[in-house]
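next comes the sequence, and after it the predicted model I'd like to discuss.
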Amino acid sequence: MLTDYEGFKVKVLKLTGINLSCYKERQMKRRIDSLIRKNNYDDYDNYFRALVQNPKLYDEFINYLTINVSEFYRNPTQWEILEKEIMPGIIKPGRIPKIWSAACSTGEEPYSLAMMMSRLVDISSLKILATDIDDGAIEKAMAGVYSSKSLENLPKEFISNYFTKEGEKYKISDKIKSCIKFEHHNLLEDKYPEKCDLIVCRNVMIYFTEEAKATMHNKFRESLNDNGVLFVGSTEQIILPQRYKLAPLRTFFYKRSGQA
Ligand SMILES: C[S@@+](CC[C@H](N)C(=O)[O-])C[C@H]1O[C@@H](n2cnc3c(N)ncnc32)[C@H](O)[C@@H]1O
């Protein structure tokens, strides 16, 4: 039995900027304990000391904590709703909408957004902000090279128009890449961008405590333009969205409403 998780959390926050207290405790502690054991440590202190000294161990720790699983057009039905029902309310003539893909992982989500937008507007001046806490994931996103598995749900026309096959892998085109601005961002600590027309934040809120989620919902609302929309993951429906002055549009889509 590993002891002093509380002390470990304080040190991890100082070292990485990641506040483990905001993540669901049981799930997170179980993951960390199993990683520590896998590396043959038997207490938090020794493992933490090794983390500080060994960059490989540090990278493994960050990677393990952040769970980077993603894919293009994850939950395709919701992407169809986004394109056909939500975007027409967002796109205004002569104005490119401001889109933020928060917790974008290895880039599948912001690139999916850019491809979807190519059906709706001229994307030559589109700039989607894509952020994540994990710099390793952002690096992979910027490289833009993917397995065929991650492309399974993507409309076929996008694969032929926007990817080139390199061996077993698929490389995203510069046209789509140039639509995305990748940045490091911690949803728990950093300032949120302003006046977003669409915020896509999917499959990360499930890892947070109720309190942290409530703070994030308020911050997302503040971040949205009037009538801006928040798109969440398929297990992340917001209970009582009116508490955050958000109005449900369709399942998983919420519109900013009223004054905070
Ligand atoms: C499961 S992935 C979701 C990727 C994508 N949004 C999707 O739905 O396919 C979760 C991502 O959340 C990021 N993440 C975890 N904690 C975060 C935080 N505090 N701030 C920003 N990103 C965070 C992780 O690094 C990881 O890339």
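Sure, I can see it.

and D197, what pLDDT?
Model confidence at D197, given as pLDDT, is 98.

helix/strand/coil for it?
Reduced to three states with DSSP: H, G, I helix; E, B strand; the rest coil, the structure at D197 is strand.

buried ones in stretch 95-106, by neighbour count?
Neighbour counts over stretch 95-106 (16 or more other CB atoms under 10 Å) mark 96-106 as buried. Where you see a C-beta, it was placed from the backbone N, CA and C, and this is true even at glycine.

neighbours of the closest residue to V12 other than its chain neighbours, how many?
Closest residue to V12 apart from its sequence neighbours, by CB to CB, 6 or more residues apart in numbering: L20 at 5.7 Å. Neighbour count of L20, defined by other CB atoms under 10 Å: 18.

center of this structure - which residue?
A103 (1.9 Å; CA atoms, centre = their mean).

pretty sure it is touching V204, no?
Yes: A103 lies in contact with V204 (CB atoms under 8 Å); the separation is 3.8 Å.

quickly list what's touching both of those two.
Listed as contacting both A103 and V204 by CB atoms under 8 Å, 6 or more residues apart in numbering are L187.

ok, E168 - how many residues close by?
Using other CB under 10 Å, E168 is surrounded by 7 other residues.

wait, doesn't it sit right on S147?
Yes: between E168 and S147 there is a contact under CB under 8 Å: 7.2 Å.

what sits against the residue nearest to the centre of the chain?
A103 neighbours (CB under 8 Å, 6+ apart): 131-133, 187, 201-204.

let me have these in a markdown table, extended by pLDDT and distance to the ligand.
Output for those, formatted as a markdown table (pLDDT from 0 to 100; distance: CB to the nearest ligand atom, whole Å):
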| residue | pLDDT | distance to the ligand |
| --- | --- | --- |
| T131 | 98 | 7 |
| D132 | 97 | 5 |
| I133 | 95 | 4 |
| L187 | 97 | 4 |
| C201 | 98 | 7 |
| R202 | 98 | 4 |
| N203 | 96 | 4 |
| V204 | 96 | 4 |
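
among the residues you listed, which one has the most neighbours?
Ranking the contacts of A103 using other CB under 10 Å puts D132 first, with 28 neighbours.

contacts only, for that one.
D132 makes contacts with 66, 103-105, 138, 141, 182, 184-185, as judged by CB under 8 Å, 6+ apart.

just the ones of these in strands?
The strands, defined by DSSP state E, take in 182, 184 from the contacts of D132.

in the contacts of D132, find the pair that's most separated.
Spatial extent of the contacts of D132 (CB to CB) is set by the pair T66 and F182 at 15.1 Å.

which one of those two has more residues nearby?
Neighbour count, other CB under 10 Å: between T66 and F182, F182 has more, with 21 against 18.

was I right about that one contacting C104?
Yes: checked against CB under 8 Å, the pair F182 and C104 is within contact range at 7.5 Å.

what sits in contact with each of these two?
Common contacts of F182 and C104 (CB under 8 Å, 6+ apart): 110, 130-132, 138, 141.

now the residues you listed as a markdown table including distance to I81?
Converted to a markdown table, the shared contacts of F182 and C104 look like this (distance: CB to CB, whole Å):
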| residue | distance to I81 |
| --- | --- |
| P110 | 18 |
| A130 | 21 |
| T131 | 24 |
| D132 | 24 |
| I138 | 28 |
| A141 | 25 |
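
would you format the contacts of D132 as a markdown table with pLDDT and distance to I86 included?
A markdown table is the format used below for the contacts of D132 (pLDDT from 0 to 100; distance: CB to CB, whole Å):
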| residue | pLDDT | distance to I86 |
| --- | --- | --- |
| T66 | 88 | 28 |
| A103 | 98 | 19 |
| C104 | 98 | 19 |
| S105 | 97 | 22 |
| I138 | 97 | 26 |
| A141 | 98 | 24 |
| F182 | 98 | 24 |
| H184 | 97 | 28 |
| H185 | 97 | 23 |
